[in-house]
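[1] Pasting a predicted model and its sequence here:
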Amino acid sequence: MELFYRKSGTGDPVVILHGLYGSSDNWYSFARMFGTGYSVYLVDLRNHGNSPHHPEHNYNVMSEDLKEFLLNHGIRKPVILGHSMGGKAALAFGMKYPEMVSKMIVVDISPLGYGKNHNAPENTIHERIIQSLLSIHPDILASREEADRQLQKSIAPPAIRQFLLKNLKRDREGKFYWGFNLQAIADNLTAIFDSVIPESNGAEDIPRFPLLFIKGEYSGYIKSHDEKAIHDFFPWAGIVKIAGAGHWVHAEQPEALLKAVLEFIRTASADS
């Protein structure tokens, strides 16, 4: 699958993967903060942004998409930064193709699953979001404000509604449509919640590459049992907490996130 991407800067390659419902647009301001010295590739994952739609959506196919992207564009051993779903996609890729990774930063997501057997509130939150989005029929909307009013019935925080509504686009005739593949996301929500660590694997089966997990201070996506799992499966990996940030670390504390990322890139050993 030929993924859409945006590129800024010149120098050593950094590939950034967005989270669920997001796109490369969400990371554009952050990418520009890298300044000189890095070529930053902002990638739209399948079924998101301007990348192709496909009924299959899981971490195996997303890791293969990333491999194809790197090979097609001649990107050799980049630093890979993934947020939320993009972080799991990055981990899945790194465990399959460690020789293609220079360093990896996983932002505010656990390698564990959030399925029905994990008793996690994230499961319910995302199911509610999906059902709310599916209840909207964009082709008959009169305005973006009308869609926002409909979402208010089940999604209270304005910031979350505005983030979701970035996916509401207009065609040449002025009619609204969802830019992402909402049905594929809904059909594959269980796979998106899934763990990227096969149950049969222990730490000795997982390839080593320089790895940093970053968590938002107020986010619930990396809890104490998730930190334990990170230490168990990736004992060489570091965990850094960004003060004052929730799940959207790059939007809430971009300077602190960039500082942590650049420090890791500059100091992490290739033998980590």
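    Nice, thanks for sending it over. Residues are numbered from 1 along each chain as shown.
[2] Quick one: neighbours of Gln152, just the number.
    Residues within reach of Gln152, counting by other CB atoms under 10 Å, total 12. No exception for glycine: its C-beta is placed from N, CA and C like everyone else's.
[3] Quick check: Asp12 is in a strand.
    Yes - applying DSSP: H, G, I helix; E, B strand; the rest coil, one finds Asp12 inside a strand.
[4] Adjust the sequence numbering to begin at 44 for everything that follows.
    All right, first residue 44 from here; so that's Asp55.
[5] That one touches Tyr84, doesn't it?
    No - applying CB atoms under 8 Å, one finds Asp55 not in contact with Tyr84, separated by 11.4 Å.
[6] what is in contact with those two at once?
    Pro121 (CB atoms under 8 Å, 6 or more residues apart in numbering).
[7] Could you check which of the two has the larger neighbour count?
    Each of Asp55 and Tyr84 has its neighbours counted (other CB under 10 Å); Tyr84 has more, 24 against 14.
[8] so which strand or helix has the more buried one?
    Secondary structure assigned from DSSP states H and E places Tyr84 in strand 80-86.
[9] Which strands and helices lie in contact with the lowest-mean-pLDDT helix or strand in the chain?
    The least trusted helix or strand in the chain, going by mean pLDDT, DSSP states H and E, turns out to be helix 164-177, with a mean of 83. If you count contacts as 3 or more CB pairs under 8 Å, 6 or more residues apart in numbering; DSSP states H and E, helix 164-177 packs onto helix 187-195, helix 201-208, helix 225-230, helix 232-236.
[10] List the buried residues for the third one?
    Looking back up the chat, that one is helix 225-230. By 16 or more other CB atoms under 10 Å, the buried positions in helix 225-230 come out as 225, 227-229.
[11] try the last one
    Burial within helix 232-236, assessed by neighbour count using 16+ other CB under 10 Å, is assigned to 232, 234-236.
[12] I would like the residues contacting whichever helix or strand comes after it, please.
    Stepping forward along the backbone from helix 232-236, the first helix or strand reached (DSSP H and E) is strand 254-259. The contact list for strand 254-259 (CB under 8 Å, 6+ apart) reads 137, 146-151, 264-265, 273, 277, 279-285, 288-292, 295-296, 300, 303-304, 307, 311, 315.
[13] This protein - how does it break down into domains?
    Domain assignment for the chain by automatic domain parsing gives 48-155+238-310, 161-233.
[14] Out of these, indicate the one that is most buried.
    Across the domains of the chain, the average number of neighbours (mean count of other CB atoms under 10 Å) peaks for domain 48-155+238-310, which reaches a mean of 19.
[15] That one - what's its average pLDDT?
    Across domain 48-155+238-310, the average pLDDT comes to 95.
[16] now it, how far from the centre of its chain.
    7 Å (CA atoms, centre = their mean, to the nearest Å).
[17] For Ser262, give me its contacts.
    Contacts of Ser262 by CB under 8 Å, 6+ apart are 151, 288-290, 292.
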